[in-house]
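>>> Below are the sequence and a predicted model; questions follow.
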Amino acid sequence: MCDQEAFHSAINYYFCPLPTGINTNSISMHKTIILCTLLCLLAACKVKETTGNNEGTITYKIIYPEIVKGKAYASFLPTKMISAFKNHNYKVTIKGDLSLYDLEYICKANGDSSATLFRVFDKRLFRLHKADEPLFLFGKLDETDVEFTDSEPKVISGYMCKKAIIHLASPETTKLTVYYTEDIDFHRPPENTPFDKIPGAMLEFQVPFKGWNLTFSAQNVEHQRLEKKIFDVPDNYKASEKGEIAELVSALIQ
């Protein structure tokens, strides 16, 4: 990301008049360093303009409640999630420690097609979703209500984020907290999840899990060119039956 404040500060220093009685050789050396800094900052600005704001990756840290960390299945729980986005396509990848398994979700062309992919050891499966089919992580949802608030803004990974509270009609989890930004050109189509009404990119949010809320917090946002093929189902994945991937995931964390 281009730091405009640092860029302007460097310019002001470079062109300010020299005080009397100052060693000009020393000042010349300092200004040479400042000039190099200016060139680097200018290059960073150009890179950001070229890459654009509608493709890149967001890396999240997954934070678990203390009670979950003490469970027998804790060692199988993932600690990182990567969200890749490009125009109207995006992909979420959750990796388990030791690379034992990967769980991925791909959505293309503004929701026209989506799929869940799962790899455990050498077994690779995928399932294409119907338009009204809920993701197995959430199941069938009742109507949710989203409360948007201007209070408690939060800076996450360099972006000022707004707060939203999602109220669920669930006896186990009644609400989820979300921080989002509309400064990232992120298109997330309706997916039958609690987050369908959240605009922009979510940089911190909660997901219900076995009666607890897991927190996903963005650690890094990187705007970069992405190849279109990463949003395709690889040829070495086999189609699975409905519920098969959900059963395999549940078996890992029982």
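That came in fine, so what should we check first?

>>> hey, let's count contacts and neighbours off CA atoms from now on
OK.

>>> what residue is smack in the middle of this protein?
Ile58 (3.6 Å; Cα atoms, centre = their mean).

>>> so what secondary structure elements neighbour whichever helix or strand it is part of?
Ile58 belongs to strand 55-63 when assigned by DSSP states H and E. Contacts defined by 3 or more Cα pairs under 8 Å, 6 or more residues apart in numbering; DSSP states H and E place strand 55-63 against strand 80-86, strand 212-223.

>>> OK, contacts around the residue nearest to the centre of the chain?
By Cα atoms under 8 Å, 6 or more residues apart in numbering, the contact set of Ile58 is Ile82, Ser83, Ala84, Ala218, Gln219, Asn220, Val221, Glu222.

>>> number of nearby residues for Phe231?
Phe231 has 21 neighbouring residues, counting by other Cα atoms under 10 Å.

>>> What separation is there between it and Ile94?
Per Cα to Cα, to the nearest Å, Phe231 is found 15 Å from Ile94.

>>> can you put the helices and strands packed on strand 55-63 in JSON lines and add mean pLDDT?
Below are those laid out as JSON lines (pLDDT from 0 to 100):
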{"stretch": "strand 80-86", "mean pLDDT": "94"}
{"stretch": "strand 212-223", "mean pLDDT": "93"}
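
>>> remind me which residues of the stretch 151-254 of the chain are low pLDDT?
The stretch 151-254 of the chain contains residues with pLDDT under 70 at 171, 253-254.

>>> Repeat the analysis, applying 80 as the threshold.
For the stretch 151-254 of the chain, the stretches flagged by pLDDT under 80 are 169-173, 187-192, 209-211, 242, 249-254.

>>> about what we covered before: Ser75 versus the residue nearest to the centre of the chain, what's the distance?
Ile58 is 24 Å from Ser75, by Cα to Cα.

>>> Also Asn213?
18 Å.

>>> Counting neighbours, go ahead and name the busier of those two.
Remark: of Asn213 and Ser75, Asn213 carries more neighbours, 19 against 15, as counted by other Cα under 10 Å.

>>> Provide a list of residues in contact with the more buried one.
Taking Cα under 8 Å, 6+ apart, we find Asn213 in contact with Tyr64, Pro65, Thr173, Leu176, Gln206, Val207.

>>> Once you drop chain neighbours, what's closest to Lys163?
Tyr179 (4.6 Å; Cα to Cα, 6 or more residues apart in numbering).

>>> typo on my end, it should be Val92
Ser83 (4.5 Å).

>>> So in terms of bridging, what pairs with that neighbour?
Beta bridges link Ser83 to Ile58, Val92, judged by DSSP bridges.

>>> that older thread, show me which residues of the strand holding Ile58 are buried.
Glu55, Gly56, Thr57, Ile58, Thr59, Tyr60, Lys61, Ile62, Ile63 (16 or more other Cα atoms under 10 Å).

>>> if I look at the second one, how far off is Ser83?
Remark: distance between Gly56 and Ser83 (Cα to Cα) = 8 Å.

>>> And the strands in this structure?
Secondary structure of the chain (DSSP state E): strands at 55-63, 80-86, 89-95, 101-108, 113-120, 123-128, 145-156, 159-167, 175-181, 201-209, 212-223, 238-239.

>>> With just CA atoms, put the second one into PDB.
When you say that, I think you mean strand 80-86. What follows is strand 80-86, C-alpha atoms only, in PDB (Å, rounded to 0.1, in the frame of the first residue of the first chain):
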ATOM      1  CA  LYS A  80      -5.100 -19.800   8.900                       C
ATOM      2  CA  MET A  81      -7.500 -18.900   6.100                       C
ATOM      3  CA  ILE A  82      -6.700 -17.300   2.800                       C
ATOM      4  CA  SER A  83      -9.300 -15.500   0.700                       C
ATOM      5  CA  ALA A  84      -8.400 -14.800  -3.000                       C
ATOM      6  CA  PHE A  85     -10.600 -12.500  -5.100                       C
ATOM      7  CA  LYS A  86     -10.600 -11.300  -8.700                       C
END
